[in-house]
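Chemist: Here's a sequence, model it:
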Amino acid sequence: SLCTVTAFLLARSAIDGNNRYALHCICLSDSCCSCVSCGLLLQAVIGIIGVASMQSSVDGLECTSTDTEACQEFKDNVNGLLGHCSLLLIIFCATLTMQVFTSCFAAYNANEADQGIGNGLKFTDVKVVVVDPQLQSMQPWKLFP
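Modeler: Here you go, the predicted structure:
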């Protein structure tokens, strides 16, 4: 997604430039992402419990109408639909769990990088060297006879 690409480019720029404030921003956004994902995960678990409760309620219903075959077919369809909802919620929970761990890991690493820069660590210290065009065309094997 666009947000992921933007976050990656921001992180790369922060590391390349030893930019402590950008790392603060990354750490904050990853921490917020972790909190939101935890909240969504909790809601998905509550949803699974709710769907299971609805399935047991539907199973407990008794068909008292004259058309018990249609009633039973309706109950089976509702149970099938609720089963599909449970499956989707379980997949959603698994995805959110991975998101929580990934966001926590990224926030931890951004915090470590920020502390490293605060202690004087430099991720990149690139020195630009201008090479004379005549030296570039030299062949190293001809330097030593």
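Chemist: Return the set of buried residues in stretch 104-117.
Modeler: Cys104, Ala106, Ala107, Ala110, Asn111, Ala113, Asp114, Ile117 (16 or more other C-beta atoms under 10 Å). Heads up, the C-betas are built off the backbone N, CA and C, glycines and all.
Chemist: Just give me the closest of those to Ala7.
Modeler: Ala106 (8.6 Å; C-beta to C-beta).
Chemist: if I pick Leu41, what's in contact with it?
Modeler: Taking C-beta atoms under 8 Å, 6 or more residues apart in numbering, we find Leu41 in contact with Cys93, Leu96, Thr97, Val100.
Chemist: quick one: which of those residues is most hemmed in?
Modeler: Using other C-beta atoms under 10 Å as the neighbour criterion, Leu96 leads these with 20 neighbours.
Chemist: before we move on, the earlier item: of the buried residues of stretch 104-117, closest to Cys25?
Modeler: Distance to Cys25, by C-beta to C-beta, is smallest for Ala110 among those, at 8.8 Å.
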